[in-house]
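Engineer: here's my sequence, what's the structure:
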Amino acid sequence: MTGLWFFVIPSLIFCLLLVRMMVSKNNKRKKKRNTRCKLPPGSMGWPYLGQTLQLYSQDPNVFFTSKQKRYGEIFKTRILGYPCVMLASPEAARFVLVTHAHMFKPTYPRSKEKLIGPSALFFHQGDYHVHIRKLVQSSLYPETIRKLIPDIEHIALSSLQSWTNMRIVTIYKEMKKFAFDVGILAIFGHLEGSYKEILKHNYNIVDKGYNSFPMNLPGTSYHKALMARKRLKTIVSEIISERREKSVLKTDFLGHLLNFKDDKGRVLTQEEIADNIIGVLFAAQDTTASCLTWILKYLHDDKKLLEAVKDEQRALVEENSREKKPLTWGQTRNMPLTHRVIVESLRMASIISFTFREAVVDVEYKGHLIPKGWKVMPLFRNIHHNPKYFSNPEVFDPSRFEVNPKPNTFMPFGSGVHACPGNELAKLQILIFLHHLVSKFRQMGSGGRRERNRVQSISNPSKWSSRYISTTFSLVFNL
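Structural biologist: The predicted model follows:
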């Protein structure tokens with residue numbers, strides 16, 4: 001027994017000394033690190049909650065802009081329990097999203113990840129992200145989406161036709177319907193109507209709860225969204241099973257997911273497929289609908305610009321009428337003014353105001369410390385509205401895009417390997433919708449009893465992707 005203690009006691013002493021040395025070394029490292037750089041300026045707010053209540057109680061853009069004015073282009077705060085560093089300069093955004101992207105991983109609040117699905121493209125990096133991103137891009141190559149033009153035209157014309165029977169048209173609501181139908185087309189191809197309606201119903205519930213306060217209690221929007229998310233997964237799984245039974249090779253997004261096999265022969269699980277379908281559907285609808293809503297608002301406010309856009313589109317209508325042909329891919333690539341209206345709307349509204357990342361190591365940037373585990377949020381809207389990069393940033397002026405903006409100052413679809421892979425489809429459907437809209441009505445006025453349709457343009461009611469607008473105007477159609 002005495003001999004046993006002879007070995008145990010020295011071993012314990014050695015372990016304690018080793019632990020002490022490691023702790024001491026770690027403390028010295030932290031001390032050395034802290035002498036080199038400090039945390040960014042800012043306020044962390046209340047314990048745990050931080051400044052979450054201030055953020056949710058006002059327009060987020062006002063919240064972030066006020067912080068930037070007070071602390072500068074890099075500042076800290078605490079949101080939803082997470083310490084965060086906000087970045088409001090092009091250089092900082094490029095640092096996080098492009099040049100040092102390996103130091104940051106994509107991250108979203110857990111509450112949002114639950115609603116989209118943990119296997120969705122947005123939440124990953126590395127090989128899995130590369131594989132899924134390639135599948136998304138493959139289904140949205142120009143060679144693929146150009147074949148969708150007739151179907152997108154049909155969806156746009158059906159939407160416009162339905163407006164003629166409405167006394168008041170709520171633009172944002174109608175644009176979400178349009179974008180949802182195009183998203184369904186890109187993901188599933190021609191989907192059975194009953195599936196489409198039940199997907200739309202449950203998706204709308206998830207969408208409503210996505211930006212609500214994440215309180216999972218019966219009756220709350222977030223709880224309802226979680227329940228609808230489960231139903232969405234069940235529906236998507238049924239569609240997947242039917243597609244597999246038919247063994248039909250398709251080039252839509254679902255087809256690419258089903259046909260995927262990595263170098264080791266592994267295929268995607270049903271859960272991975274469902275999560276990515278819901279994720280892409282989510283990404284496909286909201287930003288496009290918000291952008292179209294803002295475009296109509298800006299065109300309504302600038303009659304001279306509206307007439308110029310109408311002239312550009314009517315020239316194409318006349319050309320196609322003479323040659324008896326439909327709208328072509330080449331024509332959608334040759335709408336310079338309409339395209340500038342779209343990109344200026346994306347800048348002004350900044351539908352994607354910011355994005356989430358998380359530091360995977362301690363990071364130093366311009367004398368500031370971004371600790372490992374902290375959330376990092378490049379603020380796109382703050383950059384898009386900075387007069388250093390865009391003169392008179394609060395003025396809607398498409399002509400500013402006659403010259404390319406400075407590098408990294410315009411990021412409507414994000415930047416780096418996690419930039420939105422569906423931006424070309426988004427721009428295509430917006431161009432097609434505007435082409436038919438401006439050539440299908442005669443007037444766009446301030447309203448009146450004799451006008452056939454009154455249109456109420458309302459931005460995203462969640463407040464997160466754009467500011468509130470509420471403008472009522474009239475459309476008189478040539479239908």
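
Engineer: shouldn't Met86 be within a helix?
Structural biologist: No: the secondary structure assignment for Met86 gives strand rather than a helix, going by DSSP: H, G, I helix; E, B strand; the rest coil.

Engineer: determine the number of other residues adjacent to it.
Structural biologist: 25 (other Cβ atoms under 10 Å). (Each C-beta comes from the backbone N, C-alpha and C, glycine too.)

Engineer: tell me the pLDDT of it.
Structural biologist: On pLDDT, Met86 comes in at 92.

Engineer: and the nearest residue to Lys38 once chain neighbours are set aside, what are its phi and psi?
Structural biologist: The shortest distance from Lys38 to any non-neighbouring residue, by Cβ to Cβ, 6 or more residues apart in numbering, is to Leu369 (6.3 Å). Here the main-chain torsion angles of Leu369 (degrees, to the nearest 10) amount to phi -100, psi 130.

Engineer: now Leu369: how far from Leu434?
Structural biologist: For Leu369, the distance to Leu434 (Cβ to Cβ, to the nearest Å) stands at 47 Å.

Engineer: for those two, indicate the residue with more neighbours.
Structural biologist: Neighbour count, other Cβ under 10 Å: between Leu369 and Leu434, Leu434 has more, with 24 against 20.

Engineer: show me where the stretch 301-450 of the chain has strands.
Structural biologist: Residue ranges of the strands in the stretch 301-450 of the chain, as given by DSSP state E, counting those that start in this stretch, are 357-359, 363-365, 368-370, 375-378, 441-445.

Engineer: can you list those strands in TSV and add distance to His385 and mean pLDDT?
Structural biologist: Shown next, in TSV, are the strands of the stretch 301-450 of the chain (distance: least, Cβ to Cβ, whole Å; pLDDT from 0 to 100):
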stretch	distance to His385	mean pLDDT
strand 357-359	21	93
strand 363-365	22	94
strand 368-370	23	94
strand 375-378	14	93
strand 441-445	27	57
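
Engineer: quick one: closest of those to Thr328.
Structural biologist: The minimum distance between Thr328 and those falls on strand 441-445, with 22.9 Å, by Cβ to Cβ.

Engineer: report the beta-bridge partners for the residue nearest to Lys38.
Structural biologist: Applying DSSP bridges to Leu369 gives these bridge partners: Glu364.

Engineer: separation between Pro40 and Phe356?
Structural biologist: Note on Pro40: its distance to Phe356, by Cβ to Cβ, is 17 Å.

Engineer: compare these two (neighbour count), which wins?
Structural biologist: Set Pro40 next to Phe356 and count neighbours by other Cβ under 10 Å: Pro40 wins out with 23 against 20.

Engineer: OK, contacts around the more buried one?
Structural biologist: When contacts are counted by Cβ atoms under 8 Å, 6 or more residues apart in numbering, Pro40 touches 71, 74-76, 85, 368-370.

Engineer: do that again at 6 Å, thanks
Structural biologist: 74-76, 85, 368 (Cβ atoms under 6 Å, 6 or more residues apart in numbering).

Engineer: that one belongs to a strand?
Structural biologist: No: under three-state DSSP, Pro40 falls outside any strand and is assigned coil.

Engineer: for it, grab phi and psi.
Structural biologist: Geometry field for Pro40 lists phi and psi as phi -60, psi 160, criterion degrees, to the nearest 10.

Engineer: check Thr220 too.
Structural biologist: The phi/psi pair for Thr220 (degrees, to the nearest 10) is phi -80, psi 160.

Engineer: count of neighbours near Lys196?
Structural biologist: There are 16 residues near Lys196, going by other Cβ under 10 Å.

Engineer: could you give me the average pLDDT of the host helix or strand of Ile277?
Structural biologist: Under the assignment given by DSSP states H and E, the secondary-structure element containing Ile277 is helix 270-301. Averaging the model's pLDDT scores along helix 270-301 yields 90.

Engineer: list the buried residues of it.
Structural biologist: Of the residues in helix 270-301, those with enough neighbours to count as buried (16 or more other Cβ atoms under 10 Å) are 272-300.

Engineer: please apply the same query to stretch 113-133.
Structural biologist: In stretch 113-133, residues buried by neighbour count (16+ other Cβ under 10 Å) are 114-117, 119-125, 129, 131-133.

Engineer: which one of those residues is nearest Leu306?
Structural biologist: Phe122 (36.0 Å).

Engineer: give me the phi and psi for that closest one.
Structural biologist: Main-chain dihedrals, Phe122, degrees, to the nearest 10: phi -60, psi -30.

Engineer: tell me the contacts of it?
Structural biologist: Residues near Phe122 by Cβ under 6 Å, 6+ apart: 106, 279.

Engineer: so what sits opposite Phe354 in the bridge?
Structural biologist: Beta bridges link Phe354 to Leu379 when assigned by DSSP bridges.

Engineer: thought it was touching Met377?
Structural biologist: Yes: taking contact to mean Cβ atoms under 6 Å, the distance of 4.8 Å between Phe354 and Met377 places them in contact.

Engineer: residues shared between the contacts of those two?
Structural biologist: Common neighbours of Phe354 and Met377, counting by Cβ under 6 Å, 6+ apart, are absent.

Engineer: per-residue confidence at the closest residue to Ser111 other than its chain neighbours?
Structural biologist: Nearest-residue entry for Ser111: Pro214, 3.3 Å, with adjacent residues in sequence omitted and distances by Cβ to Cβ, 6+ apart. According to the model's per-residue confidence, Pro214 sits at a pLDDT of 87.

Engineer: do the same with the one 4 residues further on
Structural biologist: Listed pLDDT for Pro218 reads 93.

Engineer: what helix or strand does it sit in?
Structural biologist: Judged by DSSP H and E, Pro218 forms part of no helix or strand.

Engineer: ok, now Lys200?
Structural biologist: Here Lys200 sits within helix 193-210, counting by DSSP H and E.

Engineer: which residues in the stretch 51-200 of the chain form strands?
Structural biologist: The residue ranges that make up the strands of the stretch 51-200 of the chain, judged by DSSP E, counting those that start in this stretch, are 74-79, 82-87, 104-106, 168-170.

Engineer: redo the ones you listed as JSON lines? Include distance to Tyr210.
Structural biologist: Rendered in JSON lines, the data for the strands of the stretch 51-200 of the chain read as follows (distance: least, Cβ to Cβ, whole Å):
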{"stretch": "strand 74-79", "distance to Tyr210": "16"}
{"stretch": "strand 82-87", "distance to Tyr210": "18"}
{"stretch": "strand 104-106", "distance to Tyr210": "17"}
{"stretch": "strand 168-170", "distance to Tyr210": "19"}
